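In: below are the sequence and a predicted model for it; my questions follow.
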Amino acid sequence: MYPLDQGAWGPTVRIAHLRRELAQLVDLDVVAGYRGPRRRALARYAVSGRLRGLDGIYVESSSFLPAEADYAFAALARALGIPILTYIRDAYQLFPEYYDTDTRRRKFSARLFMPAMRGLERVSTALAFPSRGLAEAVLGERAAQGVILPPGAPNPVHVRRERDARSLLFVGDARLPAQGGDRLVDAVRLARDRGANVELTVVSRHGQEPLEPHPPWLHVIRAQGPEIERLLPSTLAAVIPRPRNAYNDLAVPIKLMDYLAYGRPLVVTDCLEQADVVRKADAGIIVNDSVSALCDGIVTVAGADGAQLDRWSVNAQEWARHASWAMRAASIVRWFRSLQ
């Protein structure tokens, strides 16, 4: 439910990874686009006769509501006996801390989100999710019927850490309270007051950087993908400072998978899903979501010796390999084959 020919950005980068891995395992047809172009593409595909040759359909939903053509196409496929696995990547509309209903359109979207999900459930063989918590939020008592897929991590990036690396990396919207950027800035300021030799690099879009004035130790960068990799030599650790709330507890942040692949220690707050990954991977430090606790975590990683930093880094990349896009693609194919 995204265009794949309009540049690389969050969802399209992830889908490109998955598309490449699926194409290694199966013969793959791709139908993509926003609503208007997608309606036309689905109609062309339906009349082409190719539906009758399919063994399954995997759907990557978007944050936007599905179009009527999506339901119609899926219903036609199900009538032909084709299984459908629909992946629900988020449910922002259910959580006010992430989804402001400050316009009529957004109120409409929030109100229709659950009916839309029930519609997708009816026309799909099963719904898939990145975590059991998100499955419970969308399916409620039927959560056990949800398929949990590996989150998908990029291939590990092998970039040597400079001996005097002291930058903390944050990628995302530093102005959105639910991302915790404001408390991270305060935590770094406090850590520096305690003698930690650290700086903060924020990679964000225009309008998402921390509010000015910026202290000299805070650096705002516009970068994505390989451009971020060029920051890694001077990066000591990556930070996810999200505050504990209902959505952050059930979410597996995409940036967590990227950070693991970068091979840098992590400092993360104790939101349930992300903390579980870092704990099992033994890839860094878990703290509560207060500024003082974040500060303690930063001071700890800044004071760690090279051997400890290297151990966290190796563990992070090992977990990234375990949660790779190849593993996700294999899980999807395995699910379809289980139905045969």
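Out: Nice, thanks for sending it over.
In: now do the helices in the chain.
Out: 10-23, 35-48, 68-79, 104-123, 132-139, 181-193, 226-229, 246-250, 254-262, 272-281, 291-302, 306-322, 325-338 (DSSP state H).
In: Asp102 versus the residue positioned nearest the centre of the chain, what's the distance?
Out: Residue closest to the average C-alpha location in the chain (Cα atoms, centre = their mean): Ile254, at 2.2 Å. According to Cβ to Cβ, to the nearest Å, Ile254 and Asp102 sit 25 Å apart. Backbone N, C-alpha and C define where each C-beta goes, glycine included.
In: over to Gly297?
Out: According to Cβ to Cβ, Gly297 stands 34 Å off from Asp102.
In: quick one, which of the two is more surrounded?
Out: Gly297 (24 against 8; other Cβ atoms under 10 Å).
In: any stretches of the stretch 1-150 of the chain with poor pLDDT?
Out: Across the stretch 1-150 of the chain, the ranges flagged by pLDDT under 70 are 7-10.
In: make it 80
Out: Across the stretch 1-150 of the chain, the ranges flagged by pLDDT under 80 are 5-11.
In: show me the contacts for Arg222.
Out: 203-206 (Cβ atoms under 8 Å, 6 or more residues apart in numbering).
In: can you flag the buried ones in the residues you listed?
Out: For those, a neighbour count by 16 or more other Cβ atoms under 10 Å gives the buried set as 203-204.
In: adding pLDDT and distance to Val147, write the contacts of Arg222 out as a markdown table.
Out: Output for the contacts of Arg222, formatted as a markdown table (pLDDT from 0 to 100; distance: Cβ to Cβ, whole Å):
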| residue | pLDDT | distance to Val147 |
| --- | --- | --- |
| Val203 | 96 | 32 |
| Ser204 | 94 | 33 |
| Arg205 | 91 | 32 |
| His206 | 93 | 37 |
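In: out of the contacts of Arg222, which are inside strands?
Out: Val203 (DSSP state E).
In: just the closest of the contacts of Arg222 to Met114, please.
Out: Arg205 (29.5 Å; Cβ to Cβ).
In: quick one on the thing from earlier: list just the nearest of the contacts of Arg222 to Gln6.
Out: Arg205 (15.7 Å).
In: the residue nearest to the centre of the chain and Arg14 touch, don't they?
Out: Yes - with contact defined as Cβ atoms under 8 Å, Ile254 reaches Arg14; the gap is 6.6 Å.
In: and the contacts of Arg222, which is closest to Ser61?
Out: Closest to Ser61, out of all of these and judged by Cβ to Cβ, is Arg205, at 22.9 Å.
In: distance of the closest one relative to Arg161?
Out: 27 Å.
In: quick one: Leu218 and Asp5, what's the gap?
Out: Leu218 is 36 Å from Asp5, by Cβ to Cβ.
In: neighbour count: those two, which is higher?
Out: Leu218 (20 against 8).
In: skip the chain neighbours and tell me the closest residue to the more buried one.
Out: Excluding the flanking residues, the one nearest Leu218 by Cβ to Cβ, 6 or more residues apart in numbering is Leu200, at 5.0 Å.
In: repeat that for Gln208.
Out: Counting by Cβ to Cβ, 6+ apart, the nearest residue to Gln208 once its immediate chain neighbours are dropped is Asp173, at 4.1 Å.
In: check contacts around that neighbour.
Out: 179, 181, 204-205, 208.
In: just those now: which is nearest Ala316?
Out: Closest to Ala316, out of all of the contacts of Asp173 and judged by Cβ to Cβ, is Gln179, at 20.7 Å.
In: just list the residues touching that closest one, thanks.
Out: 172-173, 241-242.
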